[in-house]
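Give the three-dimensional model of this entry:
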Amino acid sequence: MSKRWKIRPFDSEQVCALEKAAGVPAILAQLFFSRDVTDPQAVRDFMSPKLSSLRSPQDLPGCAETAERLFDAIQAKRKITVYGDYDVDGMTGTAILTKAIRILGGDVNYYVPNRLDEGYGLSNDSLKSLADEGTKLLITVDCGISSCEEAKTAKELGVELLITDHHMPGPELPDVLAIAHPQLLRWDGKYHSAHSELMRKVFEECQTDPTREKPASYPFTGLSGAMVALKVAWALGQISAGEQKVSPQYRDFLVEAVGLATLGTIADVVPLIDENRYLVKHGLDSAILNHSPLGIQELIRVAGIKTDKPLSSETIGFQLTPRLNAVGRLGQARLGIELLLTSDAARAKELAEYIHNLNDDRQKLERTIQKEAIKQIMEQYSPDDPAFVLASTNWHSGVIGIVAGRLSEQYNRPVIMISMDKMGLKPASGSARGIPGFNLYDALEACQDHLVRFGGHASAAGLGVTNANLGAFREAFVDYAATILPPEMRAAELLIDAEYPFGTFTLQTVQQIEQMAPFGCGNRRPILCTTKVYLDDAPKTMGADNRHFAATFLQDGISFRAVAFSQGQWVEQMAPFGSGPFDIAFHVVINTFAGRSKVELHLQDWRPS
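Model prediction:
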């Protein structure tokens, strides 16, 4: 679908002033302006992220209390279970806490629900089974903040419960020993959800009375679940050492944990700014390559990832974490955690190869489901509809989230894909993906009368709905979307950072742009554009099923190879316009092959000039 190009305006005098004050090249100064980073010191800090800039775990709401309770259980030799989510964020966070407890001598095992049979988060059945097996203290990773009923069950069973999570807290917090969560507010000596009735009243009183004590919040709420687990593990090490500095053995473990938390942070698509940037930069440059557990080393090997230079967030996000994610999506997340924890080289190799093959199966499933979903859209919706709610009994619940994400990007619509139980005995399981300007969590909350459950973020969420309520939910969700997304917002907007001619993109310039990495959510790779380029040869498709696009573009005697992933249809769409001229929008990257580096374009969009 055609996109609306929006090239960010800039003031050349301000860009020049920032260039001089911050000591960065002109193109970087303009790119920082496009991100509203205009303070010279902020630019310098951004360009030199330091792991030492991570905030103390004592600053994270509930982290110190959680670590203290956990340390007491370790010392008392009580049986501990780390209960994690089945995605990469949950698996890496679970591995971090499990290993931390083991190093400190704790009696610990881990549990992750089967995505297909049990669904997301804590369940009363799993709590009962773990209690029967002797669990005395259970600590969650990447889940639990909305598990109020399950917290009551744990208390009845005599299982003490600690929660570490980063998902949106609801109005009521679970009644547990302690909660570590970046979005909690500290007020009157306790932690509260911003959505609670008490906090609403406090906020109202603060508006009318400037002298009233204001609730304290954590400076950065975008942490991943694995990062929260890392902070708790860090605090555990400090408690064990009796000081801020942890023991040498524990420090080595924390360096490994930084690599694991980097995987979880990238995979969970949280903003790569602030603390996440400090963590991920160090993880990519050093921790993953030099201090990873055996399982990650083997997974890097089978994925064919080159290790002769620092990793990129794109390499992790497109080549490594999807393989780890596949085991969770296909109901075998325990194998993923075992891969992260095993010290047996042969077992690590065996697990990595199995997971690699499982990922191939996942990709085949995705392609089949995507074709069926597009067919549903064509048959059941018009181009003017503001959202798509799609359902089938043939769709694997573990992979519909990935397909929903691709379709939401392709059509620039919120997309919900629902896997229905063939017998109609269980509620259907759905995955939702949103677009900028549309908060999925708020949308599902508005439609909650039709749902069995829901939870998640503004851009990604999960839900449960009965077959009987599916039609009513579909209608309510689409109606809600219509009120939030006017017609002009249904055509995707392509935000372009700057316009430059081909002659700008020397190897040195592109290397300077790469200094802004790691790129991802909150710090996207710059999108640039140029006008009036010509095809130097006929475009071609490439890759499996001819899925990708490749061409060479020419402008004023300078040519660059351009590729576009999953856009093979552009070959046919571009044909009526001959050799051009075209306007193109692209990422500019460095492609290194056989020891030689050259500039390459990753095409994001095109249009006839």
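
can we go C-alpha only for contacts and neighbour counts from here?
Will do.

so which helix or strand takes in the closest residue to residue 236 other than its chain neighbours?
Distance criterion C-alpha to C-alpha, 6 or more residues apart in numbering; nearest residue to residue 236, sequence neighbours excluded, is residue 67 at 5.3 Å. Assigned by DSSP states H and E, residue 67 falls within helix 63-75.

what's the answer for residue 590, then?
Per DSSP H and E, residue 590 falls inside strand 582-593.

Residues contacting that strand, please?
496, 505, 507, 510-511, 514, 525-534, 597-609 (C-alpha atoms under 8 Å, 6 or more residues apart in numbering).

Cross these against strands and list the overlap.
Under the assignment DSSP state E, the contacts of strand 582-593 contribute 496, 528-534, 597-608 to strands.

which among the contacts of strand 582-593 end up buried?
Those of the contacts of strand 582-593 that meet the buried threshold are 496, 505, 510, 514, 525-534, 599-607, by 16 or more other C-alpha atoms under 10 Å.

can you list the domains in this structure?
In terms of domains, the chain is parsed into 57-183+218-329, 381-489, 494-608 (source: automatic domain parsing).

Is residue 21 located within a strand, as I assumed?
No. Looking at residue 21 with DSSP: H, G, I helix; E, B strand; the rest coil, it is helix, so not inside a strand.

any idea how far the closest residue to it other than its chain neighbours lies from residue 522?
Closest residue to residue 21 apart from its sequence neighbours, by C-alpha to C-alpha, 6+ apart: residue 40 at 5.9 Å. Computed as C-alpha to C-alpha, to the nearest Å, the residue 40 to residue 522 distance reads 19 Å.

still on that earlier bit, which stretch among the domains of the chain comes nearest residue 345?
domain 57-183+218-329 (6.5 Å; C-alpha to C-alpha).

distance between that closest one and the chain's centre?
Relative to its chain's centre, domain 57-183+218-329 lies at 15 Å (C-alpha atoms, centre = their mean, to the nearest Å).

what do you get for stretch 187-201?
That offset, for stretch 187-201, works out to 28 Å (C-alpha atoms, centre = their mean).

Could I get the CA-only coordinates of it as CSV?
Below are the C-alpha coordinates for stretch 187-201, written out as CSV (Å, rounded to 0.1, in the frame of the first residue of the first chain):
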residue,chain,number,x,y,z
TRP,A,187,4.0,7.0,47.6
ASP,A,188,3.5,7.0,51.3
GLY,A,189,6.2,4.4,51.8
LYS,A,190,4.5,1.8,49.5
TYR,A,191,4.4,0.9,45.8
HIS,A,192,1.2,1.4,43.8
SER,A,193,-0.2,1.1,40.3
ALA,A,194,-0.7,4.4,38.5
HIS,A,195,-4.1,3.1,37.5
SER,A,196,-5.4,2.4,41.0
GLU,A,197,-8.2,4.5,42.4
LEU,A,198,-5.9,5.7,45.2
MET,A,199,-3.4,7.1,42.8
ARG,A,200,-6.1,8.8,40.8
LYS,A,201,-7.2,10.6,43.9
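
Buried residues in that stretch, which are they?
191-194, 199.

ditto for stretch 549-560
So for stretch 549-560, counting by 16+ other C-alpha under 10 Å, buried means 549-555, 559-560.

Among these, which one sits closest to residue 53?
Nearest to residue 53 among the buried residues of stretch 549-560, with distances taken as C-alpha to C-alpha, is residue 560, at 39.1 Å.

Which strands border the helix or strand in which the closest one is found, and is each parallel or antiparallel?
According to DSSP H and E, residue 560 maps onto strand 558-564. Using DSSP bridges, the strands paired with strand 558-564 are strand 548-555 (antiparallel), strand 596-608 (parallel).

Go through those and name the closest to residue 32.
That would be, of these and by C-alpha to C-alpha, strand 596-608, which comes in at 20.5 Å.

How far off centre is that closest one?
With C-alpha atoms, centre = their mean, you get 25 Å for strand 596-608.

For it, which outside residues touch it?
3, 505-507, 510, 527, 560-564, 577, 580-592.

Show the average pLDDT along it.
Average pLDDT, strand 596-608: 95.

quick one: the strands in the stretch 151-300 of the chain?
160-164, 178-180, 185-187, 190-192, 216-217 (DSSP state E, counting those that start in this stretch).

pLDDT averaged over the last one - what is it?
Along strand 216-217, the predicted local confidence has a mean pLDDT of 94.

From the structure, what's the count of residues near residue 463?
The local packing of residue 463 (other C-alpha atoms under 10 Å) involves 23 other residues.

quick one: it is in a strand?
Yes. Under three-state DSSP, residue 463 sits within a strand.

does residue 469 count as helix, strand or coil?
helix.

Now it. Nearest residue, chain neighbours left out?
In this structure, residue 469 finds its nearest non-sequential neighbour in residue 450, 5.8 Å apart by C-alpha to C-alpha, 6+ apart.

That neighbour is in contact with residue 475, isn't it?
No. Between residue 450 and residue 475 there is no contact under C-alpha atoms under 8 Å: 10.3 Å.

which of these two has more neighbours?
residue 450 (21 against 13).

Got the phi and psi for the more buried one?
In terms of degrees, to the nearest 10, the main-chain angles of residue 450 are phi -100, psi 0.

can you pull the contacts of it?
Residue 450 neighbours (C-alpha under 8 Å, 6+ apart): 465, 469-470, 472-473.

Likewise for residue 67?
232-233, 235-236, 239.

residue contacts, residue 106?
73-75, 77-80.

Just checking, which helix or strand of the protein averages the lowest pLDDT?
One helix or strand of the chain scores below all others by mean pLDDT, DSSP states H and E: strand 453-456, with a mean of 86.

Show me what it is packed against.
For strand 453-456, the helices and strands in contact under the criterion 3 or more C-alpha pairs under 8 Å, 6 or more residues apart in numbering; DSSP states H and E are helix 440-446, strand 460-465.

The last one pairs with which strands, and in what direction?
This means strand 460-465. Using DSSP bridges, strand 460-465 pairs in its sheet with strand 428-433 (antiparallel), strand 453-456 (antiparallel).

With that, I have no additional questions.
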